[in-house]
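Peer 1: what follows is a predicted protein model with its sequence.
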Amino acid sequence: MTEPNDNASPILEVIDIKKNFKKGGRQELLVLDQINFRLYEGEIVAILGKSGSGKSTLLRIFAGLVRPSEGTVFYRGKPVFSPVRGMSMVFQTFALMPWLTVLQNVELGLEAQGILPTERRERALKAIDTIGLDGFETAFPKELSGGMRQRVGFARALVVNPDILLMDEPFSALDVLTADNLKSDLLDLWQTKKTGLHGILFVTHNIEEAILLADRIIVFNSNPGSIRGELKITLPHPRSELDPRFRNQIDRVYTLMTTQPQTEQESTYSPTTDLGYRLPDANIAEVTGLLETLNSPEHNGKMDLPDVAEILRLDIDDLFPLTELLEILHFAKVSKGDITITEAGIAFAEADIQGRKKLFLLHLKKYVALARYIEDQLNRHPRHRALEENFLSLLEDYLTEKEAARVLRTVIEWGRYAELFAYDYNAGVLSLENPN
C-alpha cells in the first residue's frame with residue numbers, strides 16, 4: 001500500500017456528490033447526500049454499509065455509468081461525465097452473456113474498444129490464464145460453477161488493463177470457500193503486480209471481507225447514503241480471522257457503525273419513525289431470540305455486537321435490522337458496538353406468549369407511526385376495513401415502489417403478531433382484529 005499524504009494527488013476524487021431519483025409527480029427520493037471521497041494510488045478501499053444504502057449507486061457514479069444530481073467526479077484530475085477506459089467493474093451477478101463462450105465474454109470489452117481480433121484474442125487468453133481459467137476458453141457460462149463464472153467477470157474486467165478496478169459485492173453470490181479462494185487469488189494478483197491496477201474500490205456489507213482485503217474502510221450511513229466515517233486497516237497480509245488483531249478491527253468497525261454523532265444525546269437516542277420511515281426488515285421470531293439471548297444469565301443483558309453476530313451467525317444485513325427494531329421499540333439500546341437490553345426488553349423476554357403480544361402491541365402503537373396510522377384509518381372506516389393499496393400509495397410518496405411494498409409487508413407482519421389488525425392476503429384488505 002502507498003500511504004496517502006496531504007501532497008499526494010488522488011487517482012479518483014468525488015466532491016459534494018448528491019443523487020436524487022425522481023418519482024414521477026411525487027417528491028424526489030434522496031439516495032446519496034454530500035459524498036466526499038478520495039482514492040489514492042496503491043490503495044484497496046472498501047465501502048461498507050447495509051444493503052439499500054446507495055453503495056452500488058455511488059460505485060456507478062464513480063464509473064461514469066450514472067450521473068450525479070449534484071457534485072463532480074474527477075479521474076486523474078479530469079471530470080468524469082461518461083464511462084472512462086481507466087476503470088472496469090466487476091458485478092455481483094456475473095453479468096455474462098450465456099450464448100458466448102468464456103473467451104468471447106472476456107473479449108467483449110476489447111471489442112467495444114475497437115481492438116483488432118488478433119490482439120483481442122491474445123490479450124483475452126492471457127487474462128483467462130492469469131485469473132486461473134486456462135482450459136475453459138470454449139466453455140459456456142452454464143457449464144461453469146458460480147466461482148468460475150465470477151472469475152470470467154474478473155478476467156473481462158482486467159483484460160482492458162484498467163487503472164482502477166471497481167467491484168460491486170463481487171463475492172456475495174458465492175459460497176464461503178469459493179469466495180475465500182477468489183479473494184486470495186485477487187490479493188495475489190494485486191500484490192505481485194501481475195496487472196496494471198493502481199487502485200481497487202469495492203462495496204460490501206460484510207465486515208470481515210472489508211477487513212480482510214482493504215487498506216481503508218469507508219463506513220456508510222443509510223437513508224440517505226452518506227459517509228459516517230473511515231478506518232485505516234494496517235494489518236499485514238495475509239490476514240487471518242483467527243488473529244486477535246483482526247478481531248480488534250471488527251470491534252472498531254462495529255463501534256463506528258453504532259456510535260451516534262456528538263450532536264445527538266446518546267442517553268436518549270432512539271430512531272424516530274414518521275410515516276415515511278424505512279422500517280427494518282426484522283422478523284419477530286428472530287427479534288425474540290435475540291432478546292432471550294441478551295437476557296440469559298450467560299450475558300446478563302449486554303453483549304458485544306460482534307459476539308451477537310458470531311453466536312447467531314448473522315451478517316450486518318441480518319443483524320442491524322433486528323437491533324434497529326429493538327431500539328425503535330425501546331426493548332434494547334445500541335451504542336459503541338454494544339447492545340444492552342432495557343427494562344421493557346427484559347419484561348418481554350420473561351413474559352409468556354400472550355404477555356409478549358401485549359407488550360409488543362403497546363410499544364408498536366407508541367413508537368411506530370405507520371402502525372398507528374393504519375389503526376386510525378381502520379377505526380375511521382364504517383366497516384373497519386381498508387385496501388392495502390391505499391397505504392402502499394401513501395408510502396410511495398416517500399419510498400421507491402419496491403421499498404414501499406417491503407415496508408408495508410413488514411408492518412403488516414408486526415401488526416398481525418400484535419393482533420392490532422388482521423389481513424386478508426387474497427383480497428389485499430386490512431381490518432381491525434377486534435373492532436369496537
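Peer 2: Happy to help now that I have it. Residues are numbered from 1 along each chain as shown.
Peer 1: for the residue nearest to the spatial centre of the chain, which non-adjacent residue is closest in space?
Peer 2: Here the mean C-alpha position of the chain is nearest to the C-alpha of S51 (C-alpha atoms, centre = their mean), at a distance of 2.6 Å. Nearest in space to S51, with sequence neighbours left out and distances taken as C-beta to C-beta, 6 or more residues apart in numbering, is D317 at 5.1 Å. No exception for glycine: its C-beta is placed from N, CA and C like everyone else's.
Peer 1: which residues are in contact with the lowest-mean-pLDDT helix or strand in the chain?
Peer 2: For the chain, the helix or strand with the lowest mean confidence is strand 26-39, at a mean of 83 (criterion: mean pLDDT, DSSP states H and E). For strand 26-39, contacts defined as C-beta atoms under 8 Å, 6 or more residues apart in numbering pick out 4, 10-23, 45, 54, 57-58, 61, 68, 71, 164, 199, 201, 218, 224-227, 396-400.
Peer 1: list only buried entries from the residues you listed.
Peer 2: In these, burial by neighbour count holds for 4, 10-15, 17-20, 45, 54, 57-58, 61, 68, 71, 164, 199, 201, 218, 224-227, 396, 398-400, counting by 16 or more other C-beta atoms under 10 Å.
Peer 1: show me those residues that map onto helices.
Peer 2: The helices in this structure, assigned by DSSP state H, contain T57, L58, I61 from those.
Peer 1: just checking, the last one touches V14?
Peer 2: It stands for I61. Yes: contact criterion C-beta atoms under 8 Å: I61 and V14 qualify, at 7.2 Å.
Peer 1: identify the contacts common to those two.
Peer 2: With contacts defined as C-beta under 8 Å, 6+ apart, the residues shared by I61 and V14 are V73.
Peer 1: which residues touch V90?
Peer 2: The contact partners of V90, by C-beta under 8 Å, 6+ apart, come to Q150, G153, F154, A157, L165, L166, M167, D168, P170.
Peer 1: mind checking which of the residues you listed land in strands?
Peer 2: Cross-referencing the contacts of V90 against strands under DSSP state E gives L165, L166, M167, D168.
Peer 1: any idea how far D180 is from the first one?
Peer 2: Yep, that's L165 we're talking about. Distance of L165 to D180, computed by C-beta to C-beta, to the nearest Å: 19 Å.
Peer 1: what do you get for the second one?
Peer 2: From L166 across to D180, the span is 21 Å (C-beta to C-beta).
Peer 1: which residues of the stretch 101-250 of the chain score low on pLDDT?
Peer 2: Low-confidence segments of the stretch 101-250 of the chain, defined by pLDDT under 70, are absent.
Peer 1: run through the helices of it in chain order.
Peer 2: Using DSSP state H, counting those that start in this stretch, the helices of the stretch 101-250 of the chain run over 102-112, 117-130, 146-158, 176-191, 207-213, 244-258.
Peer 1: may I see these organised as CSV, with mean neighbour count added?
Peer 2: As requested, these are exported to CSV (neighbours: other C-beta atoms under 10 Å):
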stretch, mean neighbour count
helix 102-112, 21
helix 117-130, 17
helix 146-158, 23
helix 176-191, 16
helix 207-213, 23
helix 244-258, 17
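Peer 1: and R372, which of those is closest to it?
Peer 2: R372 sits nearest to helix 244-258 of all the helices of the stretch 101-250 of the chain, at 27.2 Å, using C-beta to C-beta.
Peer 1: output the contacting helices and strands for the closest one.
Peer 2: For helix 244-258, the packing partners by 3 or more C-beta pairs under 8 Å, 6 or more residues apart in numbering; DSSP states H and E come out as helix 207-213, strand 216-221, strand 226-232, helix 305-312.
Peer 1: returning to that earlier point: between the ones in helices among the buried ones among the contacts of strand 26-39, which is closest to R406?
Peer 2: For those, the minimum distance to R406 (C-beta to C-beta) is 17.8 Å, reached by T57.
Peer 1: quick check, that closest one in contact with G225.
Peer 2: Yes: between T57 and G225 there is a contact under C-beta under 8 Å: 7.4 Å.
Peer 1: measure the residue lying closest to I61 once chain neighbours are set aside to A139 for me?
Peer 2: Counting by C-beta to C-beta, 6+ apart, the nearest residue to I61 once its immediate chain neighbours are dropped is P68, at 5.3 Å. In this view, P68 and A139 are 39 Å apart by C-beta to C-beta.
Peer 1: could you do K302 as well?
Peer 2: Computed with C-beta to C-beta, the distance linking K302 and A139 is 53 Å.
Peer 1: equivalent analysis for A349, please.
Peer 2: For A349, the distance to A139 under the criterion C-beta to C-beta works out to 54 Å.
Peer 1: who has more neighbours, those two?
Peer 2: Neighbours were counted for A349 and for A139 using other C-beta atoms under 10 Å; A349 has more, 21 against 15.
Peer 1: hang on, that one in a helix?
Peer 2: Yes: counting by DSSP: H, G, I helix; E, B strand; the rest coil, A349 falls inside a helix.
Peer 1: picking up where we left off before, would you confirm that the residue nearest to the centre of the chain belongs to a helix?
Peer 2: No: S51 is assigned coil when assessed by three-state DSSP, not a helix.
Peer 1: of all the helices and strands packed on helix 244-258, which lies closest to L294?
Peer 2: Across these, the minimum distance to L294, taken as C-beta to C-beta, is reached by helix 305-312, at 8.2 Å.
Peer 1: between that closest one and helix 244-258, how big is the angle?
Peer 2: 110 degrees (axes from the mean of the first three to the mean of the last three C-alpha atoms, to 10 degrees).
Peer 1: tell me what the helix or strand following helix 305-312 is packed against?
Peer 2: Downstream of helix 305-312, the next assigned helix or strand under DSSP states H and E is helix 316-328. Packed against helix 316-328 by the contact rule (3+ C-beta pairs under 8 Å, 6+ apart) you find helix 284-295, helix 305-312, strand 332-335.
Peer 1: please redo it, this time with the cut-off set to 6 Å
Peer 2: helix 284-295, strand 332-335 (3 or more C-beta pairs under 6 Å, 6 or more residues apart in numbering; DSSP states H and E).
Peer 1: pull out the buried positions in the first one.
Peer 2: Along helix 284-295, the positions that meet the burial threshold by neighbour count (16+ other C-beta under 10 Å) are I284, E286, V287, T288, L290, L291, T293, L294, N295.
Peer 1: the first one contacts R416, correct?
Peer 2: No: assessed by C-beta atoms under 6 Å, I284 is found out of contact with R416, at 9.5 Å.
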